[in-house]
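below are the sequence and a predicted model; questions follow.
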Amino acid sequence: MDLDPSALQEVTEQLKNNPELARMIMEEQQKMEAQTQLKVIVNKLTADCWDICVNSVGNSLGRQETCLTNCAKSFLDTDKFIRARLSKQQH
């Protein structure tokens with residue numbers, strides 16, 4: 001969807017004249033980016049842990065469920081550690 005250049009210019013002017021609106025839009029954009037990142041993490045976690053833990057699907061997962069739980073926990077702990085380390089490096 002392409003915006004008409006005059007419409008884009010009008011939006012730009014409104015954002016310049018209304019810093020509160022610009023701030024709200026930025027916050028919403030950040031929320032959307034965070035949601036996208038979360039989806040990527042969940043999809044990767046699901047795919048990787050499934051490939052590692054599940055050989056076949058029957059009536060129950062049995063030991064595979066424990067493997068999936070441990071895999072997910074390990075993945076999330078590692079992700080948290082890496083994010084904390086990167087955050088420290090940026091400051």
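Received the coordinates, thanks. Residues are numbered from 1 along each chain as shown.

pLDDT value on L3, please?
On pLDDT, L3 comes in at 63.

ranges for the helices of this protein?
5-17, 19-53, 63-90 (DSSP state H).

least confident of those, on average?
Note on those: lowest mean pLDDT is at helix 5-17, with a mean of 82.

which strands and helices sit next to that helix?
In terms of contacts (3 or more Cβ pairs under 8 Å, 6 or more residues apart in numbering; DSSP states H and E), helix 5-17 is packed against helix 19-53. Where C-beta positions appear, they are placed from N, C-alpha and C, glycine not excepted.

go with 6 Å
For helix 5-17, there is no helix or strand it packs on, judged by 3 or more Cβ pairs under 6 Å, 6 or more residues apart in numbering; DSSP states H and E.

can I get that helix in PDB? Just the C-alpha atoms.
The C-alpha coordinates for helix 5-17 follow below in PDB (Å, rounded to 0.1, in the frame of the first residue of the first chain):
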ATOM      1  CA  PRO A   5       3.100  11.900  -1.200                       C
ATOM      2  CA  SER A   6       0.800  14.700  -0.100                       C
ATOM      3  CA  ALA A   7      -0.800  12.400   2.500                       C
ATOM      4  CA  LEU A   8       2.600  11.400   3.700                       C
ATOM      5  CA  GLN A   9       3.600  15.100   4.000                       C
ATOM      6  CA  GLU A  10       0.500  15.800   6.000                       C
ATOM      7  CA  VAL A  11       1.200  13.000   8.400                       C
ATOM      8  CA  THR A  12       4.800  14.200   8.800                       C
ATOM      9  CA  GLU A  13       3.500  17.700   9.600                       C
ATOM     10  CA  GLN A  14       1.000  16.400  12.200                       C
ATOM     11  CA  LEU A  15       3.800  14.400  13.900                       C
ATOM     12  CA  LYS A  16       6.000  17.500  14.000                       C
ATOM     13  CA  ASN A  17       3.200  19.500  15.500                       C
END
